[in-house]
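Q: I'd like to go over a predicted model; first the sequence, then the structure.
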Amino acid sequence: MPYGAYDSGSTCGDRSACTFFLENGLIPTDQINSSATRILKALRKKAQIFNTNNLLYPIGGDFHWKTKVEWSIGVMNLKNVMEYINAHKELHTEIQFSTLDEYFTALRSEIKKGIFKPKSVIGDFFTYSDE
C-alpha cells in the first residue's frame, strides 16, 4: 500500500471521513447516511489504485482501541454505517469486517479466477516512511 503509515486515516484519503467511527461518540441515526456517503467516496477513490474487488480498510492504528468504551463506540459506529451501506443496493457496495487471512484468501480466489493479477513491486516497505 502506497502510504506512510497503515492506520485508518493514513490509508484511506479524507482523514475525517476515514476515522468517523473514532470521534465524538455514537453517530446519531440521522447522520449515518452522510457518514456512509463520505466513507464510500474516500474508499472509492482509494479503490482506483487497486485492481481487485476487495479493498483493505484498516480500522484504527497504534494508539486506537485503548479502552473498552472506545472499542464499543467505534465498532457500533462501523456496524451502523456498514449496515446502511449493505442495505442500500443502489450504492453498489458490500462492506464487512474481516481478518487479514480472509482478505488475502479473497485475493487468492480472485487470482485463481483470473479477476486479479498482482504486480511485483520493489522498494522499501518500512511502514513508517518519511513523507
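A: Cool, the structure landed.
Q: In three-state terms, label residue 46 for me.
A: Under the three-state scheme (DSSP: H, G, I helix; E, B strand; the rest coil), residue 46 adopts helix.
Q: Tally up the residues packed near it, please.
A: Using other Cβ atoms under 10 Å, residue 46 has 19 neighbouring residues. From N, CA and C alone the C-beta is placed, and that goes for glycine too.
Q: pretty sure it is touching residue 52, no?
A: No. Taking Cβ atoms under 8 Å as the definition, residue 46 is not a contact partner of residue 52, at 11.7 Å.
Q: Now the element after the lengthiest helix in the chain, going C-ward?
A: When the chain is parsed with DSSP state H, its longest helix is helix 68-87. Reading on from helix 68-87 to the C-terminus, the next helix or strand found by DSSP states H and E is helix 100-112.
Q: mind listing what's buried in that next one?
A: Going by neighbour count (16 or more other Cβ atoms under 10 Å), the buried part of helix 100-112 is 106-107, 110.
Q: Name the residues that touch that helix?
A: With contacts defined as Cβ atoms under 8 Å, 6 or more residues apart in numbering, helix 100-112 is touched by 52-54, 56, 98, 116-118.
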